[in-house]
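Asks: show me how the following folds:
(2 chains)
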Amino acid sequence: MNVRIRNTALAGDRLRIVGEHPLPVGDAPAILILAMFVLFVLSVPKYDLAGVIAFAAFPLLLAISSGIPAGALLKRIAAVSPFVLFMAAGNLMLDRDPACTVAGFTVTGGMISGAVIVSKTIVTLSALLSLISCIPFHRFGAALRSLGVPGVFVTQLLLVYRYSILLAEEAGMMQKARDLRSFRGRGTGPVVTARLIGSLLLRTTARAERIYMAMDARGFRERLDEGDPRALSLSELPLLTGAFLLFLTVRYFF
Amino acid sequence: MHMADALLSPVIGGTFWAVSAGLISWSARRVTDESDSSKTVLMGVLGSFVFAAQMINFTIPGTGSSGHIGGGLLLAVLLGPWRAFITLASVLVIQALFFADGGLLALGCNIFNMAFFPAFVAWPFIYRPVAGEGRSPVRLAAGCVSAATAGLLMGALSVVIQTTLSGISDLPLHTFTLFMLPVHAVIGIVEGVLTWGVLAMVSKTDPSLLSGAGTKSKRRGVATAILVASLAIGGLLSWFASPLPDGLEWAISKVAGAKELRPSPEPVHAYLSSLQQRIAPLPDYGFRARPSSGNREYAGTTFSGIVGSLLLLGLAGSAGLLMRRHRSKDERR
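Replies: Predicted coordinates:
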């Protein structure tokens, strides 16, 4: 079920607000600021809930200014969080030392550290989704190139993104055809599914050959993006330093 | 099996980021050296295939639940280790950035756990020796099931070790291991059966696809074996390390009468020592002690901290609204 949500999301993502991201810097520095932010959030100690809440200001700013629907954002985060919830529940069960009492209710260390784990997940993932959702994929590839990511890897990312939409549709139709012919779940086991996936694989490789011939005819030579990547400019350095100092201030004071 | 940001410390997350980035760079160099653009397209389309194949669910017999293929071993068999690693890493990057599966810092761990083990360990050291060229159906089945299971178990064990080293979760190492390994052993067997089914069909229909992986040189195999052995020794055998003093400690105890020398009272030494205790991720080769429950003076400081944080959230929200209005005005113009 989870996977189905993912792939329909690829086919026409409801979280994609392609345009300009709200940070006043280019794509590559924006990704660096995001990485800095994640590192600062994760450096918050395991019992410091206030520290994590303070850092929620950044994703809140991003989400509101870019106009991303909060419901879709939270739904996406909830879909990928069962493992985190399990680990948070582990803390809840194992650390029962009382930390403080609020209106007669004893708050244990596990409650606080579990809440910190869940909050860190929400804060970091909402910042990630809010920013990345605004960057068109080809520009994201160019940003990675300017950050020194190997060209082969960037080309690979662009190809996977481009053809996932096509193949997801095909896989969806195959699954629907199988389910329509199935009675009481017969024929939906691993053996028949393996044949179905094998058939999809053969179609995929045949498609890859056709795509390659078409791309080769257009002069494709290992790279999809054109031109040399733009290096980070010196003018972006003060903004990066400013972001670092801002996160440092929040980390220090909360 | 996606690792999450919230369970990682910056040191562990950063270390695995560096390791995975190095592996991507190394694999990219190998792929570039081969200079075969037809395979580059095949890699891209097979990466999309993994996404698409994960849509096709199957019923797990006797459980009432459903699952889907992971595709790690399948890609390693079809593309060889370097290309499979890059393809799997690209799928994981898209999953992390667009579907929030994992997280930005956890990406390094996830690439290591879910791409390194199938591509660089399970395929060359288990699948190839057992399955050979894949002509014998029994050997192919045995190779797929054993390699997929081992790859998944190594990844799951790696998740346990990374989580424990980060010190965020309170789950003890042995409890977490006992929880993760049996579950992933079952998932691995199902993954192996599915991979075998796909490869058996492909070997009958288009056997040339299975020769795409190529062979590895002996020297590279030895290097990977040494790497795997180092990880195994460092990660697992160190649990059985002797608690007795080492040679230097034994010698000091004989001379000074104590296992460790007394620290110097100099202020510089004291400052550096406290700084080391504060920044060392694993002081004295162990995890940091948890603050004792009796000394947690939370009530006052936590309350004021949360109020301050909420104020900051209010400010950020208002600033976001102002920026949004400003942007929409610009767009209207």
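
Asks: mind listing residues that contact stretch A:116-123?
Replies: With CB atoms under 8 Å, 6 or more residues apart in numbering or on different chains as the test, stretch A:116-123 has contacts from A:41-42, A:44, A:46-49, A:52-53, A:55-56, A:58-59, A:74, A:77, A:81, A:84-85, A:87-88, A:91, B:4-7, B:103, B:168-169. In short, each C-beta sits where N, CA and C put it, glycine included.

Asks: 6 Å instead, please
Replies: Applying CB atoms under 6 Å, 6 or more residues apart in numbering or on different chains, the contact partners of stretch A:116-123 are A:41, A:46, A:49, A:52, A:55-56, A:59, A:77, A:81, A:84, A:88, B:4, B:6.

Asks: okay, now the unreliable bits of the chain?
Replies: All of this refers to chain A. Flagging of chain A using pLDDT under 70 yields the residue ranges A:1-19, A:221-231.

Asks: that's the wrong chain, I meant chain B
Replies: Filtered on pLDDT under 70, chain B yields the residue ranges B:60-66, B:211-333.

Asks: so how many other residues sit close to B:Cys109?
Replies: By the criterion of other CB atoms under 10 Å in any protein chain shown, B:Cys109 has 31 neighbours.

Asks: does it touch B:Met3 like I think?
Replies: Yes: counting by CB atoms under 6 Å, B:Cys109 touches B:Met3, with 4.4 Å between them.

Asks: what values do phi and psi take at the closest residue to A:Arg96 other than its chain neighbours?
Replies: Nearest non-adjacent residue to A:Arg96, counting by CB to CB, 6 or more residues apart in numbering or on different chains: A:Thr108, 5.0 Å away. Main-chain torsions, A:Thr108, degrees, to the nearest 10: phi -90, psi 160.

Asks: surely A:Thr108 touches A:Leu94?
Replies: No: contact status for A:Thr108 versus A:Leu94: not in contact, 9.9 Å apart, counting by CB under 6 Å.

Asks: what comes up buried for the lengthiest helix in chain A?
Replies: The single longest helix within chain A, with elements called by DSSP state H, is helix A:151-180. Within helix A:151-180, the residues that qualify as buried are A:151-172, A:174-175, A:178, counting by 16 or more other CB atoms under 10 Å in any protein chain shown.

Asks: repeat for stretch A:133-146
Replies: Those would be A:Ser133, A:Cys134, A:Ile135, A:Phe137, A:Arg139, A:Phe140, A:Gly141, A:Ala142, A:Ala143, A:Leu144, A:Arg145, A:Ser146, for stretch A:133-146 by 16+ other CB under 10 Å.

Asks: is chain B within reach of that stretch?
Replies: No: if you take CB under 6 Å from any CB of the partner chain as the test, stretch A:133-146 misses chain B, and the best it gets is 7.8 Å.

Asks: now do the contacts for B:Val145.
Replies: Counting by CB under 6 Å, 6+ apart, B:Val145 has contacts B:Ile189, B:Gly192.

Asks: what's the distance between it and chain A?
Replies: 12 Å (CB to the nearest CB, to the nearest Å).

Asks: quick revisit: now secondary structure too, for the buried residues of stretch A:133-146, in JSON lines please.
Replies: Shown next, in JSON lines, are the buried residues of stretch A:133-146 (DSSP: H, G, I helix; E, B strand; the rest coil):
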{"residue": "A:Ser133", "secondary structure": "coil"}
{"residue": "A:Cys134", "secondary structure": "coil"}
{"residue": "A:Ile135", "secondary structure": "coil"}
{"residue": "A:Phe137", "secondary structure": "helix"}
{"residue": "A:Arg139", "secondary structure": "helix"}
{"residue": "A:Phe140", "secondary structure": "helix"}
{"residue": "A:Gly141", "secondary structure": "helix"}
{"residue": "A:Ala142", "secondary structure": "helix"}
{"residue": "A:Ala143", "secondary structure": "helix"}
{"residue": "A:Leu144", "secondary structure": "helix"}
{"residue": "A:Arg145", "secondary structure": "helix"}
{"residue": "A:Ser146", "secondary structure": "helix"}
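
Asks: quick revisit: what residues are bridge-paired with the residue nearest to A:Arg96?
Replies: A:Pro98 (DSSP bridges).

Asks: quick one, helices of chain A?
Replies: Ranges of helices within chain A are A:2-11, A:27-42, A:49-55, A:57-66, A:70-79, A:82-94, A:109-132, A:137-146, A:151-180, A:190-217, A:237-253, based on DSSP H.

Asks: which positions in the stretch 101-250 of chain B make contact with chain A?
Replies: B:101, B:103-105, B:168-171, B:193-194, B:197-198, B:201-202.

Asks: if we use 10 Å, what do you get?
Replies: B:101-107, B:159, B:163, B:166-172, B:175-176, B:179, B:190-191, B:193-206, B:208-209, B:212 (CB under 10 Å from any CB of the partner chain).

Asks: on that earlier part again, could I get the helices of chain A in JSON lines, plus columns for distance to B:Ile56?
Replies: Converted to JSON lines, these look like this (distance: least, CB to CB, whole Å):
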{"stretch": "helix A:2-11", "distance to B:Ile56": "9"}
{"stretch": "helix A:27-42", "distance to B:Ile56": "33"}
{"stretch": "helix A:49-55", "distance to B:Ile56": "39"}
{"stretch": "helix A:57-66", "distance to B:Ile56": "33"}
{"stretch": "helix A:70-79", "distance to B:Ile56": "19"}
{"stretch": "helix A:82-94", "distance to B:Ile56": "21"}
{"stretch": "helix A:109-132", "distance to B:Ile56": "26"}
{"stretch": "helix A:137-146", "distance to B:Ile56": "25"}
{"stretch": "helix A:151-180", "distance to B:Ile56": "5"}
{"stretch": "helix A:190-217", "distance to B:Ile56": "6"}
{"stretch": "helix A:237-253", "distance to B:Ile56": "43"}
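
Asks: out of these, which is closest to B:Ala76?
Replies: B:Ala76 lies closest to helix A:190-217 among those, at 14.1 Å (CB to CB).

Asks: follow-up on the earlier one: may I ask which of the contacts of stretch A:116-123 has the most neighbours?
Replies: In the contacts of stretch A:116-123, the most neighbours by other CB under 10 Å go to B:Ala6, 30 neighbours.

Asks: surely that one and A:Val80 touch.
Replies: No: using CB atoms under 10 Å, B:Ala6 is not in contact with A:Val80, being 11.7 Å away.

Asks: shared neighbours, the two?
Replies: A:Thr121, A:Leu125, B:Gly103 (CB atoms under 10 Å, 6 or more residues apart in numbering or on different chains).

Asks: can you narrow the buried residues of helix A:151-180 down to the ones near chain B?
Replies: Within those, those near chain B by CB under 10 Å from any CB are A:151-172, A:174-175, A:178.

Asks: ok, which stretches of the stretch 1-150 of chain B are strands?
Replies: B:58-59, B:66-67 (DSSP state E, counting those that start in this stretch).

Asks: helices or strands up against the first one?
Replies: Translated: strand B:58-59. Applying 3 or more CB pairs under 10 Å, 6 or more residues apart in numbering or on different chains; DSSP states H and E, one finds that strand B:58-59 contacts helix A:190-217, strand B:66-67, helix B:173-205.

Asks: closest to B:Leu140 out of these?
Replies: Per CB to CB, nearest to B:Leu140 of the helices and strands packed on strand B:58-59: helix B:173-205, 6.2 Å.

Asks: which parts of that closest one are buried?
Replies: So, applying 16+ other CB under 10 Å, buried residues of helix B:173-205: B:176-177, B:180-181, B:184, B:187-188, B:190-203.

Asks: from A:Arg139, how far off is the residue nearest to B:Leu107 when sequence neighbours are not counted?
Replies: Nearest non-adjacent residue to B:Leu107, counting by CB to CB, 6+ apart: B:Ala96, 4.9 Å away. As for B:Ala96, its distance to A:Arg139 is 18 Å (criterion: CB to CB, to the nearest Å).
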